[in-house]
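*Asks:* make a model of this:
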Amino acid sequence: MRCAQAAIEGMKSEGFGRIVNISSRAMLGKTHRSAYGASKGGIAAMTRVWALELAQYGITANTIAPGPIATEMFAHANPNSMPRTQEIIGTIPAGRLGRPNDIAQAVAFFMDERSSFINGQLLYVCGGVTLARGGS
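*Replies:* Purely as a prediction, here's the structure:
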């Protein structure tokens, strides 16, 4: 929020800007993730408000909600030796964890000048988890 606030005036003066927030598919509901899910849901809501407030200045605001992504943090919290890790991977219709470049590609899409008519949207980059489990 603070980064966007710091950049918004410059974007307004340029008549162009892109805000891409990162949320999580966990905002749909995930056990043991109350505070995390609530904060990620707040990011998505904030994005929608910004999309309404900033569109008149040529600024778009969108959110990406990743599913499980193969990062160091994920590996630390979910070692391969744990049955729960294999269970998580088993719920992904794509049959694999996401990769950081999957998220980067989605960010690049929203950042592109040609995406100027896409505003206030939430894109799940989750390998189909939100479809297969209904958010559980």
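
*Asks:* biggest helix in the chain by residues?
*Replies:* The longest helix of the chain (DSSP state H) is helix 34-54.

*Asks:* what residues does that helix touch?
*Replies:* Residues from elsewhere that reach helix 34-54 (Cβ atoms under 8 Å, 6 or more residues apart in numbering): 1, 4, 8, 11-12, 17, 19, 21-24, 26-30, 59-63, 65, 119-120, 122. Every C-beta, even on glycine, is put in place using the N, C-alpha and C of the backbone.

*Asks:* let's see it at 10 Å
*Replies:* The contact list for helix 34-54 (Cβ atoms under 10 Å, 6 or more residues apart in numbering) reads 1, 4-5, 8, 11-12, 17, 19-31, 33, 59-66, 118-122, 135.

*Asks:* which stretches of the chain form strands?
*Replies:* Remark: strands assigned in the chain by DSSP state E are 17-22, 59-66, 122-125.

*Asks:* buried ones in the first one?
*Replies:* Along strand 17-22, the positions that meet the burial threshold by neighbour count (16 or more other Cβ atoms under 10 Å) are 17, 18, 19, 20, 21.

*Asks:* against residue 2, how distant is residue 110?
*Replies:* Separation of residue 110 from residue 2 (Cβ to Cβ, to the nearest Å): 20 Å.
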